[in-house]
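J.: Here is the input, now give the coordinates:
(2 chains)
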Amino acid sequence: ETGVTQTPRHLVMGMTNKKSLKCEQHLGHNAMYWYKQSAKKPLELMFVYNFKEQTENNSVPSRFSPECPNSSHLFLHLHTLQPEDSALYLCASSLTGIYGYTFGSGTRLTVV
Amino acid sequence: GIQVEQSPPDLILQEGANSTLRCNFSDSVNNLQWFHQNPWGQLINLFYIPSGTKQNGRLSATTVATERYSLLYISSSQTTDSGVYFCAVERRNRDDKIIFGKGTRLHILP
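T.: Coordinates of the predicted model:
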């Protein structure tokens, strides 16, 4: 365990479903991130939260909706996804000003 | 934006062999990390190494910040070393995110 926990580990959903991914860290970090990793592509940053405030949205479609209720928890709400959204979704956290990022194990999402 | 290039893109080695993975970056950085992504997708931090040399068991890393490159050495490879190795950097004008290279896919044959 790295200290960043993601659930579920695997998710299969239909295009009309609504689901949520969860990320939790108790490392005392103040920044949390969502990354998408598609097959044979570099890691793509999706969202950044700093002290619960969203500081970056990398032109992510509105069918992905992040939520950060506190510095320890981060959610990614999914609705009406497309098959091309199938990917590994990774959560990471860091402590601003002290470098180094810690990643969770990821959620492998399949949209059918 | 900053470019991060890793080489080689793919590497196949026999168990017991040594290897060197390279990461070049196009601008000054104030953080560099090496990660190993195992076949199950988990990204494990190997080294936080903005400069200098560090060693951890069979792995070591060296970053020469003035020449904008970093090297990851793996000695006496084991099959469990298989996976993708990513280099990631943070830019000098920090904006709270890291930039990843495309990775080196390492396959160790038994």
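J.: CA only for contacts and neighbour counts going forward, please
T.: Noted.
J.: number of nearby residues for the residue in chain B that chain A sits nearest to?
T.: Using CA to the nearest CA, the closest approach of chain B to chain A is made by residue B:42 at 4.4 Å. Using other CA atoms under 10 Å in any protein chain shown, residue B:42 has 20 neighbouring residues.
J.: State the distance from the residue nearest to it when sequence neighbours are not counted to residue B:103.
T.: Here the nearest residue to residue B:42 in space, its sequence neighbours aside, is residue A:105; by CA to CA, 6 or more residues apart in numbering or on different chains that works out to 4.4 Å. Separation of residue A:105 from residue B:103 (CA to CA, to the nearest Å): 18 Å.
J.: Repeat that for residue B:41.
T.: 13 Å.
J.: next one: residue B:30
T.: Counting by CA to CA, the gap from residue B:30 to residue B:103 is 20 Å.
J.: again with residue B:31
T.: Look at residue B:31 and residue B:103: by CA to CA, they are 17 Å apart.
J.: Looking at these two, which one has more neighbours?
T.: The neighbour comparison of residue B:31 against residue B:103 (other CA under 10 Å) goes to residue B:103, with 30 against 20.
J.: Next up, the contacts around the residue of chain B closest to chain A.
T.: Residue B:42 sits next to A:103, A:104, A:105, A:106, B:36 when contact means CA atoms under 8 Å, 6 or more residues apart in numbering or on different chains.
J.: the bottom helix or strand of the chain by mean pLDDT?
T.: Answering for chain A, as no chain was given. Ranking every helix and strand in chain A by mean pLDDT, DSSP states H and E puts strand A:53-57 at the bottom, with a mean of 76.
J.: other chain: chain B
T.: Lowest-scoring helix/strand for chain B, mean pLDDT, DSSP H and E: strand B:99-100, at a mean of 88.
J.: Pull out the buried residues from the following helix or strand past it.
T.: With elements assigned by DSSP states H and E, the helix or strand that comes after strand B:99-100 is strand B:104-109. By neighbour count on 16 or more other CA atoms under 10 Å in any protein chain shown, the buried set for strand B:104-109 is B:104, B:105, B:106, B:107, B:108.
J.: Who are the packing partners of strand B:104-109?
T.: Applying 3 or more CA pairs under 8 Å, 6 or more residues apart in numbering or on different chains; DSSP states H and E, one finds that strand B:104-109 contacts strand B:10-14, strand B:83-91.
J.: out of these, deepest packed?
T.: Mean neighbour count, computed with mean count of other CA atoms under 10 Å in any protein chain shown, is highest for strand B:83-91 among those, reaching a mean of 24.
J.: Can I get that strand in CSV? Just the C-alpha atoms.
T.: Taking only C-alpha atoms (Å, rounded to 0.1, in the frame of the first residue of the first chain), the coordinates of strand B:83-91 have been written out as CSV:
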residue,chain,number,x,y,z
GLY,B,83,6.8,-3.3,-16.3
VAL,B,84,7.0,0.3,-17.4
TYR,B,85,9.4,2.8,-16.0
PHE,B,86,8.3,6.4,-16.0
CYS,B,87,10.3,9.6,-15.5
ALA,B,88,8.3,12.6,-14.3
VAL,B,89,9.5,16.2,-13.8
GLU,B,90,8.2,19.3,-12.1
ARG,B,91,9.0,22.6,-13.8
